[in-house]
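Peer 1: just the structure for this:
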Amino acid sequence: LLKKGYQNWYLGRLKCIHYKGESSVRNKVYLKRFYGAMHIFYKKHFKPNPLFNVMVKLGISLLPLIRKEPKTRPVELKKGLFFGKQLPEGFSDKDALHYDLSDSMVKPNPHTKAVYEAEHFSFEEIITQFEQNASIPDLMMMIKPSDARFMVGSHDRNSRGAVESF
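Peer 2: Predicted coordinates for the structure are as follows:
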């Protein structure tokens, strides 16, 4: 990018949600593609060295086989917690969970789907909650954008993100 004239900015204090990583399931196919891309990068940017080439190619070939896939298990959700002023129309009918309503940030219990309404809380507040609650077991955290009939989120950083409409 720098060679093309673009500038690289580092904003270390900026908080953001990057959903692309959430959508990549890190399985063997993903690893094979990732390490294949690493091999292309290596060939493009480093001088050829036959011994080192063999070592890199061997490492790229073996790592996807050695690395274990993250174990995923079904998440058992027992209740819902909606952070906002009021439940949207038709929201509570969308799944079998009973939703409690909270207009202030409280710590959710395990086995809970926590839905944060972006109309009521800033994204910075929501991201802070995501960070603080990341260690709670079986917690699904989602965001309902302003004036939307859907919400986005995931169970954890290794699972694919989800979009749920209501």
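Peer 1: what is the helix or strand F82 falls within packed up against?
Peer 2: According to DSSP states H and E, F82 maps onto strand 79-83. The contact analysis (3 or more C-beta pairs under 8 Å, 6 or more residues apart in numbering; DSSP states H and E) places strand 79-83 against strand 99-102, strand 112-117. Every residue, glycine included, has its C-beta placed from N, CA and C.
Peer 1: which one of those is the most hemmed in?
Peer 2: Comparing the helices and strands packed on strand 79-83 by mean neighbour count (mean count of other C-beta atoms under 10 Å), strand 112-117 comes out on top with a mean of 23.
Peer 1: so where's the protein shaky on pLDDT?
Peer 2: The chain contains residues with pLDDT under 70 at 18-27, 64, 67-73, 92-94, 156-159.
Peer 1: coming back round to it: tell me what angle the strand holding F82 forms with strand 112-117.
Peer 2: 20 degrees (axes from the mean of the first three to the mean of the last three C-alpha atoms, to 10 degrees).
Peer 1: for the residue with the largest distance to the centre of the chain, give me phi and psi.
Peer 2: Distance from the centre of the chain peaks at P50, with 39.1 Å (C-alpha atoms, centre = their mean). Per-residue torsions, P50: phi -50, psi -40 (degrees, to the nearest 10).
Peer 1: do the same with S165
Peer 2: Torsion angles, degrees, to the nearest 10, at S165: phi -100, psi 160.
Peer 1: returning to that earlier point: nearest to K32, out of the helices and strands packed on strand 79-83?
Peer 2: strand 112-117 (33.4 Å; C-beta to C-beta).
Peer 1: pull the contacting residues for K107.
Peer 2: 132-133, 136 (C-beta atoms under 8 Å, 6 or more residues apart in numbering).
Peer 1: just give me the closest of those residues to A148.
Peer 2: N133 (22.0 Å).
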